[in-house]
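Trainee: Predicted structure and sequence below. I'll ask about it afterward.
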Amino acid sequence: MKKEILVMQNDFLVVNLEEKYALFQEQWRPKIIAQMNDYHFKLVKVQGDFVWHRHADTDEVFIVQEGRLRIDLRERPPVWLNAGEMYVVPKGVEHKPYAEHEVKLLLVEPQGVLNTGEASSERTAPVDDWI
Ligand code: NI
């Protein structure tokens, strides 16, 4: 079933990001909206502190669409992203997103990447949650 939805989204349907954001309220639970080859595009709403984690096998793209996000990085200054700005967290670099107020965020990463990397916690979200 997921495969059919995926093919239709990629081949026939325009994906409207604002409409997709309106479909969910929960925070820190990325929702897949499109796939390109082996990569997923995910929307997520975040607020507060996340957990320190790293992705050993992949970079991770953060594109802020609303709000202001801070990404803490180990042993280097934090990165601040405003709406319309993006950042690529390099593979293997430990990071921790933080937002004082809710931020709407587009993530791009290979399918199957856990939001908490190798740090499994109650914040670990499903990797196949399409909307
Ligand atoms: Ni990450």
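Mentor: That came through fine.
Trainee: Distance check, the residue nearest to Gln27 when sequence neighbours are not counted against Phe12.
Mentor: Excluding the flanking residues, the one nearest Gln27 by Cβ to Cβ, 6 or more residues apart in numbering is Lys45, at 5.0 Å. From N, CA and C alone the C-beta is placed, and that goes for glycine too. Counting by Cβ to Cβ, to the nearest Å, the separation of Lys45 from Phe12 is 27 Å.
Trainee: from what I can see Ser121 touches Val51, true?
Mentor: Yes. Between Ser121 and Val51 there is a contact at 5.3 Å, judged by Cβ atoms under 8 Å.
Trainee: So Lys45 and Phe12 - more neighbours on which side?
Mentor: Lys45 (20 against 7; other Cβ atoms under 10 Å).
Trainee: list the contacts for that one?
Mentor: Tyr21, Phe24, Gln25, Glu26, Gln27, Trp28, Glu102, Val103, Lys104, Leu105 (Cβ atoms under 8 Å, 6 or more residues apart in numbering).
Trainee: so it sits in a strand?
Mentor: Yes. Assignment of Lys45 by DSSP: H, G, I helix; E, B strand; the rest coil places it within a strand.
Trainee: Name the residues of stretch 64-83 that are buried.
Mentor: Residues of stretch 64-83 classed as buried: Val64, Gln65, Glu66, Gly67, Leu69, Ile71, Asp72, Leu73, Val79, Leu81 (neighbour count, 16 or more other Cβ atoms under 10 Å).
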